[in-house]
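1. Everything below, folded, please.
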Amino acid sequence: MLDMKISQQIAEKATQICGYSVSIIDSTGRIIGSGDKSRINTIHGGIEPIFKERKIIEHDEIEVKNIPGAYEGVACPIIFNDEVIGAIGIRGNPTEVKKFMHLIKNQVEMMYQQKIFFQISQMKSQAYDLLFHELLSENNENKKDQIISLSRVNNLDLKLPRFAVMIEIKNSNDSFNDEQKLINTINVISKSIKEFLEEPQSFLTRMDGNHILLFKVANDEENDKRSIYELHQFLIKKHSISAIIGIGKEYTDFLLYKNSYQEAKQAINIANKMGKNDGVFHIEDLYVGRILSEVPKKVRHSILQDSFIKKLLLPENEILLETIYAFCENNLNISKTARELCVHRNTLLYRMERIQQLTGLDPTNFYNAMTIYLLLKLNTFN
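-> As a prediction, the model looks like this:
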């Protein structure tokens, strides 16, 4: 259990503390760390009572003559988790050095605890990162046992249903212009998300660039949707950022979490192509976007080149574009659209006439409005 490198570091620090040479001894009696480096890898005799009876032993100058590898001094057990994992020896006159024994023993045990806990923390962190890597790997069914082991290290129950939440953080002041600042910003936001959710079984990681991936435990659909919308508002208020959040479908089989991840990622891509800079988008609410995204580029180009839509896309028609989008998104309701655009009803009707003149289609007709809307949306994927 005792690591030679750590033992040497601890022995050197302990030697500096008391001014006497301190040695760390493993359960076989081998010295694996010492203030006197010439003793490393030699056997320290006469320390069996330390391991068998947890005794502190003292050897004077006369006694050690009959004990191979022993020097005058005091030795005691190193105890970790109520087990004797090794021994500490302090070289010198027992009367002089034993007054340091309690202090050095406490220091050494504390150092070991810190080192071991640090190592455990590092191992958990590595296992955490590896868990995401394996979950998202193409052939993760071949790594099922490894994924389960990695989840146990991090106390995660993979039997729980989860869905993916992909968060794309938009520009946060100047922090995205510098790689280290970007990493720091994403880390701070990730910590905030964990604190906001208060769900130990929901786990997240930073992906490429400005993306955070969260696998959230699924409860009921309404509560899940509300919690993500609340999270979105929380991020805006706390960090003064914009964020596009993509949500994938819920899966019970952890080997299918990667499908939810791909869906959440697709939701963000569609939202970006539709010109959105902020908001929450569930893949199951993006049927139009998903259909349009599947239209081959060559076909999109051909349709748009042949259509009347090119006239609407001219810079001088920006207000008309804003109007038709608002009209369609308000269910072709004249009054609602006028209120949203803060214009008089007659002004809105005039704009509708202008759109009809440009396109040859009456936008107050559902079919015509949807034709114009879909072509405009198709253009955003170009």
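2. Please state the mean pLDDT value computed over the helix or strand harbouring Asn184.
-> Assessed by DSSP states H and E, Asn184 sits inside helix 179-197. The predicted model assigns helix 179-197 a mean pLDDT of 87.
3. Also stretch 12-20?
-> Mean pLDDT, stretch 12-20: 88.
4. ok, back up a step: how about the helix holding Asn184, which residues are buried there?
-> For helix 179-197, a neighbour-count test (16 or more other C-beta atoms under 10 Å) marks Leu182, Thr185, Ile186, Ile189, Ser190, Ile193, Leu197 as buried. The C-beta positions use only the backbone N, C-alpha and C, and glycine is treated the same way.
5. Just list the residues touching the last one, thanks.
-> Spelled out, it's Leu197. Listed by C-beta atoms under 8 Å, 6 or more residues apart in numbering, the contact set of Leu197 reads Lys216, Ser227, Leu231.
6. ok, the nearest residue to the last one once chain neighbours are set aside to Ser190 distance?
-> Distances taken as C-beta to C-beta, 6 or more residues apart in numbering put Phe196 closest to Leu231, at 6.0 Å, once the chain neighbours are dropped. Distance, Phe196 to Ser190, by C-beta to C-beta, to the nearest Å: 11 Å.
7. again with Glu63
-> Applying C-beta to C-beta, the value for Glu63 to Ser190 is 60 Å.
8. Distance check, the residue nearest to Leu231 against Tyr128.
-> Taking C-beta to C-beta, one finds Phe196 at 19 Å from Tyr128.
9. The residue nearest to Leu231 touches Phe234, doesn't it?
-> Yes. Using C-beta atoms under 8 Å, Phe196 makes contact with Phe234 at a distance of 5.3 Å.
10. Helix, strand, or coil at Ile167?
-> strand (DSSP: H, G, I helix; E, B strand; the rest coil).
11. Measure how buried it is and give me the count.
-> Neighbour count for Ile167, taken as other C-beta atoms under 10 Å: 27.
12. With adjacent residues omitted, what lies nearest to it?
-> Nearest residue to Ile167, sequence neighbours excluded (C-beta to C-beta, 6+ apart): Ile212, at 4.4 Å.
13. so which strand or helix has the one you found?
-> Going by DSSP H and E, Ile212 is in strand 211-217.
14. ok, that strand: who's next to it in the sheet?
-> Sheet pairing of strand 211-217 (DSSP bridges) gives strand 162-169 (antiparallel), strand 203-206 (antiparallel).
15. got the angle for that strand vs helix 179-197?
-> Inter-element angle recorded for strand 211-217 and helix 179-197: 20 degrees (by axes from the mean of the first three to the mean of the last three C-alpha atoms, to 10 degrees).
16. Mind listing residues that contact strand 211-217?
-> Residues outside strand 211-217 that contact it (C-beta under 8 Å, 6+ apart) are 132, 135, 160-169, 186, 189-190, 193, 197, 199, 201-207, 224, 227-228, 257, 260-261, 264.
17. Can you give me the separation between the residue positioned nearest the centre of the chain and Ser125?
-> The centroid of the chain falls nearest to Thr205 when counting by C-alpha atoms, centre = their mean (1.5 Å). Between Thr205 and Ser125 the computed distance is 11 Å (C-beta to C-beta).
18. got it, and Arg152?
-> Relative to Ser125, and taking C-beta to C-beta, Arg152 is found at 15 Å.
19. Give me the domain ranges for the chain.
-> For the chain, automatic domain parsing gives the domain ranges 4-115, 159-291, 295-380.
20. Find out how far the first one is from the centre of the chain, if you would.
-> Translated: domain 4-115. Centroid separation for domain 4-115 versus its chain: 42 Å, with C-alpha atoms, centre = their mean, to the nearest Å.
21. Quick check: phi and psi on Asn93?
-> phi -60, psi 120 (degrees, to the nearest 10).
22. How much space separates it from Val64?
-> Asn93 sits 12 Å away from Val64, taking C-beta to C-beta as the criterion.
23. same deal with Ala70?
-> 4 Å.
24. Pull up the overlap in contacts between those two.
-> Gly46.
25. of these two, who's got more company?
-> Shown here are Ala70 and Val64; by other C-beta under 10 Å, Ala70 has more neighbours (21 against 16).
26. Going along the chain, name the helices of the stretch 51-200 of the chain.
-> For the stretch 51-200 of the chain, applying DSSP state H, counting those that start in this stretch gives helices covering 94-135, 144-153, 179-197.
27. residues of stretch 102-114 that come out buried?
-> Neighbour counts over stretch 102-114 (16+ other C-beta under 10 Å) mark Ile104, Lys105, Gln107, Val108, Glu109, Met111, Tyr112 as buried.
28. List the residues that contact the fifth one.
-> Right, Glu109. Counted by C-beta under 8 Å, 6+ apart, Glu109 has contacts Ile78, Ile79, Phe80.
29. In TSV, list these along with distance to Phe117 and pLDDT.
-> Converted to TSV, those look like this (distance: C-beta to C-beta, whole Å; pLDDT from 0 to 100):
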residue	distance to Phe117	pLDDT
Ile78	15	90
Ile79	16	87
Phe80	11	82
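30. What subset of those residues is buried?
-> Applying 16+ other C-beta under 10 Å to the contacts of Glu109, the neighbour count classes Ile78 as buried.
31. so of the contacts of Glu109, which ones are in strands?
-> Ile78, Ile79, Phe80 (DSSP state E).
32. Is the first one bridged to anything, and to what?
-> Taking DSSP bridges as the rule, Ile78 bridges to Gly86.
33. related to what we said a few turns ago, contact partners for the residue nearest to the centre of the chain?
-> Tyr128, Asp129, Phe132, Ser190, Ile212, Leu213.
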